[in-house]
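A.B. asks: I'll drop the sequence and a predicted model, then ask my questions.
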Amino acid sequence: MIIVIGGTKGGTGKSTIVTNLAAIDLGKGNDVLLVDADRQGSASAWAAVREESDVQRVPSIQKYGGIALTNELKSLTKKYERIYVDAGGYDSEELRAAILAAHTLLIPVRPAQFDVWTLPRISKIVNESKLYNETLRALFVVNGAHTHPNIHEAEELKELAQDVEGMEFCASVIRNRRAFSKAAASGLAVTEVQGKDRDPKAVEEMLGLYEEVING
């Protein structure tokens, strides 16, 4: 199974989500590979930090290019149960190539007007990709929503997005919690953090997203 995390808007937390999902899946005993197809290399940097810790290593590689990347991802499914791809936050050949191989495309969206304006663009890319990848499942997830229960950013974003054809939002919402950045700095998923820095709400949110992506 190939799961691509990508989009056409930068700064939406794609690397945070892809590294958390890969680490959670690995912790469940699955054969996992993290593929960094984003030239910024954030996922690779996280994996490198993780190598220096005493937690289980997440196998990772960097791969770029067009159709060669598509073919390489498909080939890797013979060795790994699940492949997580960080495809970056702009319309690149890597994003389009990864989508052509993907079973699931997960698109993080911040609850902001600038992000809403980019939704038709990524939706168009998804629809074009389905001409060649008919089984592609595209999911949008609200990431970085306010933690206050009286601020309904996620609901407002979903309402604004109703006019964009073919959008399917995850029920899970990832909120703006310091736990995510603190875990990333140590090469960890939020589910792996112990002691006073562990945030049960962040853990619950990420595990909920994992279940939706894998089993939903």
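C.D. replies: All right, it came through fine.

A.B. asks: for residue 45, see how far away residue 184 is.
C.D. replies: According to CB to CB, to the nearest Å, residue 184 stands 9 Å off from residue 45. In this view, the C-beta of every residue, glycine as well, is placed from N, C-alpha and C.

A.B. asks: who's more crowded, the two?
C.D. replies: Comparing residue 184 with residue 45 by neighbour count (other CB atoms under 10 Å), the higher total belongs to residue 184, at 21 against 15.

A.B. asks: and the host helix or strand of that one, what does it pack onto?
C.D. replies: Secondary structure from DSSP states H and E places residue 184 in helix 178-185. Identification of packing neighbours for helix 178-185 by 3 or more CB pairs under 8 Å, 6 or more residues apart in numbering; DSSP states H and E yields helix 14-27.

A.B. asks: buried residues, the helix it packs on. List them.
C.D. replies: Using 16 or more other CB atoms under 10 Å as the test for burial, helix 14-27 gives 14-26.

A.B. asks: next up, the contacts around residue 42.
C.D. replies: Going by CB atoms under 8 Å, 6 or more residues apart in numbering, residue 42 touches 15, 36, 86.

A.B. asks: the helix holding residue 184 versus helix 14-27: what angle between them?
C.D. replies: 70 degrees (axes from the mean of the first three to the mean of the last three CA atoms, to 10 degrees).

A.B. asks: which parts of the protein are strands?
C.D. replies: Using DSSP state E, the strands of the chain run over residues 2-5, 32-36, 60-62, 82-86, 104-109, 137-145, 169-175.

A.B. asks: how about CSV for those strands, with mean pLDDT added?
C.D. replies: Formatted as CSV, the strands of the chain follow (pLDDT from 0 to 100):
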stretch, mean pLDDT
strand 2-5, 98
strand 32-36, 98
strand 60-62, 97
strand 82-86, 98
strand 104-109, 95
strand 137-145, 92
strand 169-175, 92
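
A.B. asks: ranking the ones you listed by burial, who's on top?
C.D. replies: Stretch with highest mean neighbour count among the strands of the chain: strand 82-86 (a mean of 28; mean count of other CB atoms under 10 Å).

A.B. asks: parallel or antiparallel, list what pairs with that one.
C.D. replies: Here strand 82-86 is paired, per DSSP bridges, with strand 2-5 (parallel), strand 32-36 (parallel).

A.B. asks: before we move on, back to that, out of the strands of the chain, which gets nearest to residue 70?
C.D. replies: strand 2-5 (9.9 Å; CB to CB).
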